[in-house]
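>>> sequence isn't available, so here's the structure alone:
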């Protein structure tokens, strides 16, 4: 069984998706069912999605969207999760920036949980990323935790040169290189420009995470 959920998103805000037939939330439509894959598409820019309890706000699954027409079922499988009666699906999107600017989002997860970060980067310039909620830096949001995984998505047509973690003194602790995504020769994914896992980066107060991109359009 599969269902289609849609929403007209507002840039820079979480939007709730409802069933395309009955305009019903996920938990009301298929309570107690098990989800094994999720495919999320957007028109242009960047997009993240999450499955969340409308009551407790607990997020059980999350991921990144794919430009419309570039989705792949094989890469859309998720760890099986049961649908609770109050579950909803929501998405967060940013538009296509112009000129030398580039919108970027990243899911960063670790021992304290996970959070969506964002920034509008400028070509070949390291730009700090902050949380979508409350605009916190990495050191404020993930203080005294260990980063284990990061997914980075730059807007369509852009490339991610690298992600860097800096300590409170401005010293670079870790550098992870990225690349392109989508229908380009060097792309490894339609979903992310950089995906790093099995990390063990301890986060202290005053730490930041910065992204360097290039808008190739």
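Nice, thanks for sending it over. Computed from a prediction, not measured in an experiment: that's the story for all the values here.
>>> going forward, measure contacts and count neighbours with C-alpha atoms only.
Noted.
>>> what bits of the chain have low per-residue confidence?
Applying pLDDT under 70 to the chain picks out residues 183-187, 217.
>>> let's see that with 80 instead.
1, 72, 74-75, 182-188, 216-217 (pLDDT under 80).
>>> let me see the domain layout of it.
5-94, 101-215 (automatic domain parsing).
>>> reformat the ones you listed as JSON lines; add mean neighbour count.
Listed next are the domains of the chain as JSON lines, based on neighbours: other C-alpha atoms under 10 Å:
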{"stretch": "domain 5-94", "mean neighbour count": "17"}
{"stretch": "domain 101-215", "mean neighbour count": "19"}
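>>> quick one, helices of this structure?
Using DSSP state H, the helices of the chain run over residues 26-29, 138-141.
>>> I'd like these laid out as CSV, including distance to residue 120.
Output for those, formatted as CSV (distance: least, C-alpha to C-alpha, whole Å):
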stretch, distance to residue 120
helix 26-29, 32
helix 138-141, 16
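>>> between those, which one is closest to residue 132.
helix 138-141 (11.1 Å; C-alpha to C-alpha).
>>> residues in contact with that closest one?
Under the criterion C-alpha atoms under 8 Å, 6 or more residues apart in numbering, residues 129, 130, 131, 203, 204, 205, 206, 207, 208, 209 lie in contact with helix 138-141.
>>> now do stretch 50-64
40, 47-49, 78, 81, 84, 86-91, 107, 153, 191-192.
>>> how about 7 Å then?
By C-alpha atoms under 7 Å, 6 or more residues apart in numbering, the surrounding residues in contact with stretch 50-64 are 47, 48, 49, 86, 87, 88, 89, 90, 91, 191.
>>> if I look at residue 174, how far off is residue 136?
Remark: distance between residue 174 and residue 136 (C-alpha to C-alpha, to the nearest Å) = 20 Å.
>>> same question but for residue 128, I mixed them up
In terms of C-alpha to C-alpha, residue 128 sits 10 Å off from residue 136.
>>> ok, residue 165 next?
15 Å.
>>> next: residue 157.
Distance from residue 157 to residue 136, by C-alpha to C-alpha: 27 Å.
>>> what do you get for residue 172?
The value you get for residue 172 to residue 136, if C-alpha to C-alpha is used, is 19 Å.
>>> again, but for residue 13
Counting by C-alpha to C-alpha - residue 13 and residue 136 are separated by 16 Å.
>>> likewise for residue 62?
Taking C-alpha to C-alpha, one finds residue 62 at 20 Å from residue 136.
>>> ok, residue 72 next?
33 Å.
>>> once you drop chain neighbours, what's closest to residue 205?
What sits nearest to residue 205 in space, not counting adjacent residues and going by C-alpha to C-alpha, 6 or more residues apart in numbering, is residue 139, at 4.7 Å.
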